[in-house]
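1. here is a sequence together with a model predicted from it:
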Amino acid sequence: MFEIVLLSPKIPQNVGAIGRLCVCAGASLSVVAPTPIDFSDKRLRRAGLDYWRYLDFCLWDSLDAFLARNPIGDRDYFFTTKTNRPYFDAPFKAGDRLWFGSEDAGLPEALWRAHSSRALTIPMKPDFRSLNLANAASIVLYEGIRQNYSAFQT
């Protein structure tokens with residue numbers, strides 16, 4: 001129904017938890033390198049439990065390789081703390097791609113600014129930097145499911 005795209009994630013437990021989330025929500029997961037994560041890492045597998053074998057997953061060598069096969073279109077949404085448009089204002093539809101950046105740097109500014117009309121944020125108190133990556137992906141993915149619940153049930 002949806003695809004989560006992670007650009008250069010760094011923490012195996014986050015990717016494992018997001019993988020498990022995707023399985024349970026019927027979403028696919030693309031991880032775009034560079035990433036220091038070893039996908040046989042037991043921390044990643046532990047966070048994803050035995051769900052990992054059911055995951056629709058692709059590891060891409062680079063952003064260029066990903067974009068060559070998956071051009072950015074009007075159904076791509078980019079999540080950043082540097083915009084004021086809340087995620088719940090977006091009209092999510094089946095097939096949307098939900099982009100998240102690395103835990104330490106977020107999405108490259110040039111990427112989300114090039115598509116600023118689809119740059120979204122999760123509102124939070126101003127004194128704090130960001131949410132955990134797996135939590136952020138969960139919030140947004142389930143908003144997409146909420147908006148498309150009848151399609152999700154099939």
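-> Arrived safely, thanks for sending.

2. which is the next helix or strand following the lowest-mean-pLDDT helix or strand in the chain?
-> The helix or strand of the chain with the poorest confidence is helix 42-48; it has a mean of 69 (mean pLDDT, DSSP states H and E). Per DSSP states H and E, the first helix or strand lying C-terminal to helix 42-48 is strand 56-60.

3. so what does that following strand touch, helix or strand wise?
-> If contacts are counted by 3 or more C-beta pairs under 8 Å, 6 or more residues apart in numbering; DSSP states H and E, strand 56-60 sits against helix 12-25, strand 28-32. Every residue, glycine included, has its C-beta placed from N, CA and C.

4. of the ones you listed, which stretch is the most buried?
-> helix 12-25 (a mean of 22; mean count of other C-beta atoms under 10 Å).

5. elements contacting that one?
-> strand 3-7, strand 28-32, helix 42-48, strand 56-60, helix 133-147.

6. mean confidence score for the helix or strand just after the last one?
-> Right, helix 133-147. Using DSSP H and E, the next helix or strand after helix 133-147 towards the C-terminus is helix 149-152. Helix 149-152 comes out with an average pLDDT of 78.

7. separation between Asn148 and Arg43?
-> Distance, Asn148 to Arg43, using C-beta to C-beta, to the nearest Å: 32 Å.

8. compare the two (neighbour count), which wins?
-> Higher neighbour count among Asn148 and Arg43: Asn148, with 18 against 15, using other C-beta atoms under 10 Å.

9. so how far is Arg118 from that one?
-> For Asn148 relative to Arg118 (C-beta to C-beta), the value is 17 Å.
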